[in-house]
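Engineer: With the input below, show me the fold.
(one chain, ligands or ions: 1)
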Amino acid sequence: MKLQLFLFATILNILPLVYVSATEEKKPANSEIPQTQDLVNQVLTFARNHQDFKNLYFKEHEHEFIRLAEQGQNPHTLFIGCSDSRMVPDLILGTKPGELFVIRTAGNFVPPYDQNGWDGVSATIQYALEALDVKHIIICGHSHCGAIKGLFQTINSTQLGILKRWLQFGNEAKETTMKIVKPETSEKDLYTVAEQISVVYQLAHLMTFPAIKKKVDEKTLDLHGWYYKIETGEVSYYDPETFVFKPLKKLKAQALQSILN
Ligand SMILES: [Zn+2]
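Structural biologist: Here you go, the predicted structure:
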C-alpha cells in the first residue's frame, strides 16, 4: 500500500515535467496542444509562486501561523463577498490570516433563512455566528458584477440552470432598480444602482436569520453593507439613515465620534 502511494505521489510529481517535455517535442498539430501547454504553464506558475510564499511570507510570519494552528481561529468578522476574482478581501481591508471568515458567492447573494435549508452559505453563516461568535458581518458588492448583469439578461436554463436558480436571490434588487431608474439611465448606471440595492436586500436576507436578528437587537453584532469600486479601489458603506452609500472614511469619522460621545 505504502509503495503504491509512493508511486502515485511520484507520478504526480513528475507528471508536469513529462507533460512539458512531451508538448515541447511535438509541434502542435491542432489548437488543443497550445491550450494544454497553457494549462501546464499555469500549474508550474502555481508551484513557483507557492515556493515564493513558503520562502518569503510564510517564513516571515511562521510564528503567527503556528499560533493560529495551535490556538485555533478567532476571526472578528464574517465577510460575504462576490466570487469575482477582482474582489480580494484581505487586500482591500489589510487583514491578516485569522481575521476574516469569508463566504464568496456569485453576486454576494445570501439566501433568506430556511430552517430546513441545506445550502452551504446558510450553514457557514450559522457556524460563524454560533461557533466563532463573529462581531461583524460585511456584505460587500462591487462594480462590474457579472451576477448583477445576469439579472437583466436571458439565461439559458439548460446550460446555466443552477446559476439561474441562484440569481433569484437578486430578483428584488432587479425589480426595485427597474422601478426607480429613469428610462434614459445608461446600462452602466443601471447596473451600479442594482449592485448597490442588492447589498441592501442581502442585508435584509441576513436579518431573517433569527440568531442574527437577536444579536443585532442585543447590539453584540454589527451588520455592514459595503460597495467596492474595482476601477478606483474605493469602498463605500450603506448608511441606513440616509439610504445612500458614503465613503468608508466617513464611517471611520462616525465611529470615532461615537467613542468620544
Ligand atoms: Zn460580482
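Engineer: Flag every residue of the stretch 51-200 of the chain that's near the ion.
Structural biologist: The stretch 51-200 of the chain comes close to the ion at residues 82, 84, 145, 147, as judged by Cβ under 5 Å from the ion. No exception for glycine: its C-beta is placed from N, CA and C like everyone else's.
Engineer: By neighbours, which of those wins?
Structural biologist: Counting neighbours by other Cβ atoms under 10 Å, Cys145 comes out on top of those with 26 neighbours.
Engineer: Name the nearest residue to it, ignoring sequence neighbours.
Structural biologist: Among residues not flanking Cys145 along the chain, Glu195 sits closest, at 5.2 Å (Cβ to Cβ, 6 or more residues apart in numbering).
Engineer: quick one: that neighbour is in a strand?
Structural biologist: No. Secondary structure of Glu195 (DSSP: H, G, I helix; E, B strand; the rest coil): helix, not part of a strand.
Engineer: and it, how many neighbours?
Structural biologist: By other Cβ under 10 Å, 28 other residues sit near Glu195.
Engineer: Please apply the same query to Asp217.
Structural biologist: Asp217: 9 neighbours (other Cβ under 10 Å).
Engineer: List the contacts of stretch 167-182.
Structural biologist: 106-107, 109-112, 147-148, 150-152, 155, 189-190, 193-194, 197-198, 200-202, 205 (Cβ atoms under 8 Å, 6 or more residues apart in numbering).
Engineer: Give the full set of residues in contact with Thr154.
Structural biologist: Counting by Cβ under 8 Å, 6+ apart, Thr154 has no contacts.
Engineer: Need the three-state assignment for it.
Structural biologist: The three-state assignment at Thr154 reads coil, by three-state DSSP.
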